[in-house]
Structure formats: structure tokens, C-alpha cells
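A.B. asks: what follows is a predicted structure for the sequence shown.
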Amino acid sequence: AKIIDSTTCKQGKVRPWLIISAPLVLISVILLFWMPFTQPIHQAIWIVVAFNLYYSVAYSIWNMSKELLPAVSTRNVNQRKNLSMAAQIVGNVGTGLVSILFPSILAMVCAAVNGNNAQGYLLSMSIMAVLAVCTTFVQYFYTRERVTEERRNQTGIQQQDAVKLEAHKEASMGTQLKACLQSKYWILFVIIVLIFNICLNLRNISLIYYSGWVVNGNAYGNIAAIQAKFQMIAMSPMGPGILLMLPLTKKYGRTKTIWTTSVLTILGSLLAFMSVGKGVMIYAGTALGAIGNISFSYMIMTYMGDVIDQVEWKTGVRADGLTGGLISAMMMFAVGIAQGLFNLGLMVTGYAQPEMIGTGADGIALYADQAAAAVNWINFAYQGSFIIVGAVVFFMFCFVFKIENDMPKISRELQERRVAEYAKLGIEYIPADELERREIEAQEKEAEEIRVKELQEKCAKKGLNFDKENRKYLEKLAAQQAKAAAKAAKKASKKK
């Protein structure tokens, strides 16, 4: 966090680290699934080094940069919300698809390498890492840090006026922490994110156990097929659920949508929790709970930029680095905490190593039953975790976490302070929307000049009449613009 805050580059302070993280992610993923040693002590050292290279270095750099980008991209609350939501939707949909498809993909890859599971995992994850590097470059080239540029006087003022201002220096981590602790919304946001990530990881870790011992009762011998079917049926409503969430958010706002739909999370998870061994009821309850959790899981990170702005508004200190670093660290800690809690629960409740006791008539292996307490713990870890999330979200967003109502005032006053700061120095401040309009206008002018030049070259080469060809293009463009304007007017009249 401190390194990112102190990074000075024309491309911003966050985006450069996306590029730096790309090769580190690729290398560390390959090292995680490649084992060059045979001695246990050497293998243990290799695992520790590879694990920490990935989670402590590569993933931390990438994840922190990714989570911070919406907050430093714009001060416009709606634009920032849409950016963050898009990132969360793509991430969650990707996770869902991987959980459904990866077992089958892995099986095919392992079969292609003659059943060598170690080579299969290495090849599969290497392919995934290469794809991740490619998409990281796309993310880098299609983002821009407007807030960072503004604070470093790279945008929002005329170039000749930049020398009159001293760029804002980022506060130290200690100063940022003191400022953040003065904001109840920042503290609540951190607590909510920590609870959610612990519960989410507890749910993810327990999935394979839940599929084998709870969905259809004792069906451990058919665990792979049950897990794939369970994920596909129970989680499939999340796709159409996104289409439902977007208009609800637009009409009622993020906060009201989140606490309202959290009721579905509680009810659905309770239904599934009380239906051990009843596959249909579990599928229905899990699907309902997943639909209820869509709005929260997709929108919680949209509040990170809001709480950073609120801290800056209240204290004058901008805490991008500390907030991004802490959130990224908590996501890491949540994995370990959830893993420790789940394993502790298995140990306390008497979970035993699965023991094969025969084969069924259908050829599926049969296993001895687990202790009732162990099955109940697995059920709680998977469904109970979402009951906790739903209850916390309902209480927080219904009664306490109301920052969305304050954001118009916060955004307006932050901009007014910037305008006043510049006015004292006799400098014109260009608002973000006006700056964007000018940039688009300049880009369109440049594009038009390139089009005209290319058309002139084409006409000269093929002996065509430039004026005639240019008129055809302009008439076609005018018709398209008129059609778009009519469509927009029709849509506006329907809203009225």
C-alpha cells in the first residue's frame, strides 16, 4: 500500500502495478503446480516459497490494484459504481463458470497427459495464468486514473497553470489510519468486508464436503457428479438474477436493493439448511439464497470509493493506499481464518477420513456414514455462512450504513474545495464532465481528420470523386444520428 501511494508515473500510481503483477502471477502459478523435488523437506520449502510468492506478492499486487482502480478512476459516484459492479459481475460469473466447468476441463487435460494428475494440474493452471496475463494487459490499456491525475495536477487545469500548483503528496500510512478511524462508514465497511469474506471462504471450502455428505445425504462416492450438478442447478439463477438486480438498483439505489434482497438470502439459506438430504429443497433454497446475495456480492466493493471520498471530505486526507491495502490483506486473511475454522469444526465434531465399505449396484463406491455432528457442522459451514451474511447485511444496510445518501453532498463539496483552491491562485478549474466533453471532442476531431485523409488517399488511388464519396458518408452518418436521436426521444417519452 505504501509503495503504491508513493508511485509517481504518468500512467498513475495503481495501473503500473497491474503490469508488474502480470509476469509475477504467471511465474508463481506455474511454481505452485510444479514440483521439481522428491524429498519431503525440499517439497515443503518449495511449497512455502511458491505459496507466499503467489499470495503475498503476485496476487496481492494484482488484487489491490484491481480493487483500487474504480476509486481512482473517477469522482463521479455513478460511474465509479458501474465500474466496480462490472468488475464484480465478471469476477463472480467467472468464478461460477470455473466451479462448474473446471472439473470437466481438468479431467480432459489429465486424460490428454495419460492420466498424470500432476501434469494435468500444471498444464491447466498454466493456461489459466496465461489467459489472466492477457486480460490484465486489457485492463491496463482500457483504464485511466483521473483522480490521481487531478491530485497530481495532470488534469483539470490548463497546462500552463500546472506550474503554479504543488502536487498533493500522499499522507503516511499512520496519518491515513488516524483519518480513517474518524469515519464510522470506513470502519463499518472494513468490518462488513471481513465478515463477508470469511463466510464466503467458509462456504467455498465446505462445498466439496457439502456435496458428498449433505445434498443427497451420504453420497460421497458420487461427489464429483453431485458437485457439478449442484453448482449448475443451484447457482444458475445468478445469471438472470443480474438482469433483475440492475433495474432494481437504478430505481431504488444500492442500499435499499441490498438490504431488501438480503431477506431472500436468509430465507433461502434457512430452507436449504433445514433440508439435509432433500436434494430438491436444497437446490431451491440455495438458488433463492444465491439470488438474494447477488446485489450485495456485486455491489459491496462499489462502496470502497465512497468511503475513501468520505474520509477525504471529513479529514482532508485521502486514504487510497491504506484502504486498498487493508481490504486486499483482509481477503487474504479471510482464506486462512475460514480454513482454520472449518478444519477446527471438523476436528471437534469427529469428522473421519472417508472409509469405503463396498460398491453399489450402479457401480458407485459406498462409504461409511459420518458422525451426525460432523454433517451438521458441514451444513452450517455452507448454508449457515450465508445466513450470517444475510443477517449482517440486512441490519447494517437497513439501519446503519447510509453513506449512499451522503454521497451527492460529499462529491459536490470536494469539487467546490478544489475550485476554491484554484481560484485563490487565479487558476480555472475544469470540472470532470467538462474535461471529458473536451477530450471526446478532440478525439472525434482527430478521428475525422484521419477519416478524411484516408478517404482522399483511397479516392486518389481508385480514381473516385472525393466530394461525392464524402457526401455519401456524411448522409449515412446523419441518418444514423437521426435514428439514434428518435430512439432516445421515444425512450425518454416512455419514462415520462
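C.D. replies: In hand now; what should we look at?
A.B. asks: low-scoring stretches of the stretch 201-350 of the chain, by residue?
C.D. replies: Scanning the stretch 201-350 of the chain with the threshold set as pLDDT under 70 gives 235, 238-239.
A.B. asks: next, name the residue at the spatial heart of this structure.
C.D. replies: Q88 (3.3 Å; CA atoms, centre = their mean).
A.B. asks: that one against M301, yeah?
C.D. replies: Yes. The pair Q88 and M301 passes the contact test of CB atoms under 8 Å, sitting 5.8 Å apart. Heads up, the C-betas are built off the backbone N, CA and C, glycines and all.
A.B. asks: return the residues in contact with the residue nearest to the centre of the chain.
C.D. replies: Taking CB atoms under 8 Å, 6 or more residues apart in numbering as the contact definition, Q88 lies against 297-302.
A.B. asks: list the buried ones in the helix or strand where it lies?
C.D. replies: Following DSSP states H and E, one finds Q88 within helix 77-112. Using 16 or more other CB atoms under 10 Å as the test for burial, helix 77-112 gives 77, 79-85, 87-89, 92, 96, 99-100, 106, 109-110.
A.B. asks: just checking, next helix/strand downstream of it?
C.D. replies: helix 117-141.
A.B. asks: next, the buried residues of that following helix.
C.D. replies: For helix 117-141, by 16+ other CB under 10 Å, it's 119-125, 129, 133, 136, 139-140.
A.B. asks: what about stretch 420-437, start to end distance?
C.D. replies: End-to-end distance of stretch 420-437: 22 Å, with CA to CA, to the nearest Å as the criterion.
A.B. asks: mind listing what's buried along it?
C.D. replies: Buried, per 16+ other CB under 10 Å, within stretch 420-437: 422, 427, 429-430, 432, 435.
A.B. asks: ok, so of these, who is nearest K409?
C.D. replies: The nearest member of the buried residues of stretch 420-437 to K409, counting by CB to CB, is A432 at 17.0 Å.
A.B. asks: for the buried residues of stretch 420-437, give me JSON lines that also has distance to S28.
C.D. replies: Formatted as JSON lines, the buried residues of stretch 420-437 follow (distance: CB to CB, whole Å):
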{"residue": "Y422", "distance to S28": "45"}
{"residue": "I427", "distance to S28": "46"}
{"residue": "Y429", "distance to S28": "44"}
{"residue": "I430", "distance to S28": "43"}
{"residue": "A432", "distance to S28": "37"}
{"residue": "L435", "distance to S28": "39"}
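A.B. asks: of those, which pair is most distant in space?
C.D. replies: Those two in the buried residues of stretch 420-437 that are separated most widely, counting by CB to CB, are I427 and A432, at 16.0 Å.
A.B. asks: all strands of the stretch 301-450 of the chain, in order?
C.D. replies: Here the stretch 301-450 of the chain has its strands, by DSSP state E, counting those that start in this stretch, at 356-359, 365-367.
A.B. asks: tell me how far the strand or helix carrying I45 lies from the chain's centre.
C.D. replies: Element membership of I45 [criterion: DSSP H and E] is helix 40-52. Centroid separation for helix 40-52 versus its chain: 29 Å, with CA atoms, centre = their mean, to the nearest Å.
A.B. asks: now do that helix: everything it contacts.
C.D. replies: Here helix 40-52 makes contact (CB under 8 Å, 6+ apart) with 28, 31-32, 35-37.
A.B. asks: report the contact partners of A71.
C.D. replies: Here A71 is in contact with 80, 147, 304-305, 308, 320, 323-324 (CB under 8 Å, 6+ apart).
A.B. asks: show me where the stretch 151-300 of the chain has helices.
C.D. replies: 173-180, 184-213, 223-235, 238-252, 254-273, 279-299 (DSSP state H, counting those that start in this stretch).
A.B. asks: ok so, going back, mind putting the buried residues of stretch 420-437 in JSON lines, pLDDT and distance to Y59 included?
C.D. replies: Compiled in JSON lines, the buried residues of stretch 420-437 are given as follows (pLDDT from 0 to 100; distance: CB to CB, whole Å):
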{"residue": "Y422", "pLDDT": "77", "distance to Y59": "40"}
{"residue": "I427", "pLDDT": "74", "distance to Y59": "42"}
{"residue": "Y429", "pLDDT": "73", "distance to Y59": "39"}
{"residue": "I430", "pLDDT": "72", "distance to Y59": "38"}
{"residue": "A432", "pLDDT": "66", "distance to Y59": "32"}
{"residue": "L435", "pLDDT": "72", "distance to Y59": "34"}
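A.B. asks: wait, which of the residues you listed is closest to S183?
C.D. replies: Of those, the one sitting nearest to S183 (CB to CB) turns out to be A432, at 23.4 Å.
A.B. asks: need the phi and psi values for the residue nearest to A373 when sequence neighbours are not counted.
C.D. replies: The spatial neighbour of A373 that comes closest, neighbours along the chain excluded (CB to CB, 6 or more residues apart in numbering), is T349 at 3.9 Å. Torsion angles at T349 (phi, psi; degrees, to the nearest 10) stand at phi -90, psi 0.
A.B. asks: count the neighbours of T349 for me.
C.D. replies: 17 (other CB atoms under 10 Å).
A.B. asks: OK, contacts around it?
C.D. replies: T349 touches 371, 373-374, 376-377, counting by CB under 8 Å, 6+ apart.
A.B. asks: cool, E469 as well?
C.D. replies: Contacts of E469 by CB under 8 Å, 6+ apart are 455, 458-459.
A.B. asks: and for P103?
C.D. replies: 224, 227-228.
A.B. asks: out of the residues you listed, which end up buried?
C.D. replies: Among the contacts of P103, those classed as buried by 16+ other CB under 10 Å are 227-228.
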